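>>> Below is the sequence, then the predicted model.
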Amino acid sequence: MATYETVLLREEDGVLEIRMNRPEVLNALDVRLKRELREAFQGEARREGVRVVLLSAAGRGFCAGQDLRDAEAEGRRTFGESLRGYYHPLIEAMLNLPRPVVAAVQGVAAGAGMSLALAADMRLLAASAQFVAAFSRIGLVPDSGLSYMLPRLVGLGRAMEMAMLAEPIDAESARSLGLANRVCADEDLASEAWAFCRRLADGPAHALGLTKKALQRGLELPLHEALEYEAGLQELAGRSAEYVEGVRAFREKRKPTYRPRDANGPG
Ligand code: LHQ
């Protein structure tokens, strides 16, 4: 497994945890952290054996967005170049990964840090979690996919308010808005997140990858095309060892085992 300076990796039971590790600045995204996150999602997350990815953060905050002090290391790069060089490949790697990505969020997720959390397929929040679409506070516009993901998750009117007023959204409000799948006590976040990810990793990995695609495309396509797209994916899923195992387990009245037992097993 690769080793990085500002990203910690841990892999267990098919779950790869990608942990941002600049707690002293609330995991603000400097060039190195951006590069390492991008590499981890483009490389490590795609390795065989990884069934689920957990994005987490060290310290009291999830991510304070772009490191506003990192201008020097960014050199003469424009905002557009920084976005295209680092943020876009990272966000695309997360959304295009054919595996579930779960974010475990404690404390603040601001600006591009909020975008990162929203690019995960599901979010588990600690009670301390706060989303702040901080861009407008410093005279910027939503970026790193926020304008794409936020209205899809909460609807246009609420997304407008969040992006324009940039008020902090606490964990309970986030849950009622559809931004959180679960909320738990801060001290339980790591164990809850691992238990959640292990459950996903026990599932049919190939089918879950296709499920991610189906739901993403379902938001984009007209009904007829969405139905056709589903049918195409079902043709694939229906030919898999996972389906054979799922139906066999149903008939035998036992829980299916989707994790590969050997190189030829399902998964
Ligand atoms: C930070 C940061 C930070 C550096 C806290 N940078 N050090 C923009 C530009 C270019 C291209 C791409 O995209 C973007 C998108 C964006 O992400 S724009 C939004 C950027 N982020 C922000 O505007 C948030 C700035 N931070 C804050 O407003 C506060 O720090 C929040 C509300 C996040 C947390 O407040 P507190 O809990 O009171 O913590 P704090 O402010 O004391 O921060 C702790 C430390 O972290 C502190 O360091 P220090 O050495 O003074 O103790 C902060 O300076 C540092 N820090 N955010 N983005």
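All right, it came through fine. Numbers count the residues shown, from 1 in each chain.
>>> In contact with the spatially most central residue of the chain, which residues?
Centroid-nearest residue in the chain, with C-alpha atoms, centre = their mean: A120, separated by 1.8 Å. A120 sits next to 55, 94, 101-103 when contact means C-beta atoms under 8 Å, 6 or more residues apart in numbering. Glycine gets a C-beta too; all of them are placed from N, C-alpha and C.
>>> Show me which pair in these is furthest apart.
Spatially, the most separated pair among the contacts of A120 is M94 and V102, at 10.8 Å (C-beta to C-beta).
>>> And the helices in this structure, which stretches?
31-42, 79-82, 88-96, 112-119, 146-154, 156-165, 171-177, 189-202, 205-220, 223-238, 241-251 (DSSP state H).
>>> Out of those, indicate the one that is most buried.
Of these, the one with the most neighbours on average (mean count of other C-beta atoms under 10 Å) is helix 112-119, at a mean of 28.
>>> who touches it?
Taking C-beta under 8 Å, 6+ apart as the rule, helix 112-119 contacts 26-29, 37, 55, 61-66, 87, 90-91, 94-95, 101, 103, 105, 109, 123, 131-134, 142-146, 149-150, 153, 179.
>>> Then stretch 130-143?
So stretch 130-143 is in contact with 65, 68, 79, 83, 87, 107-112, 114-115, 117, 146-147, 150, 162-171, 174, 179, going by C-beta under 8 Å, 6+ apart.
>>> before we move on, back to that, skipping adjacent residues, who's closest to the residue nearest to the centre of the chain in space?
Distances taken as C-beta to C-beta, 6 or more residues apart in numbering place A103 nearest to A120, at 3.6 Å, with adjacent residues excluded.
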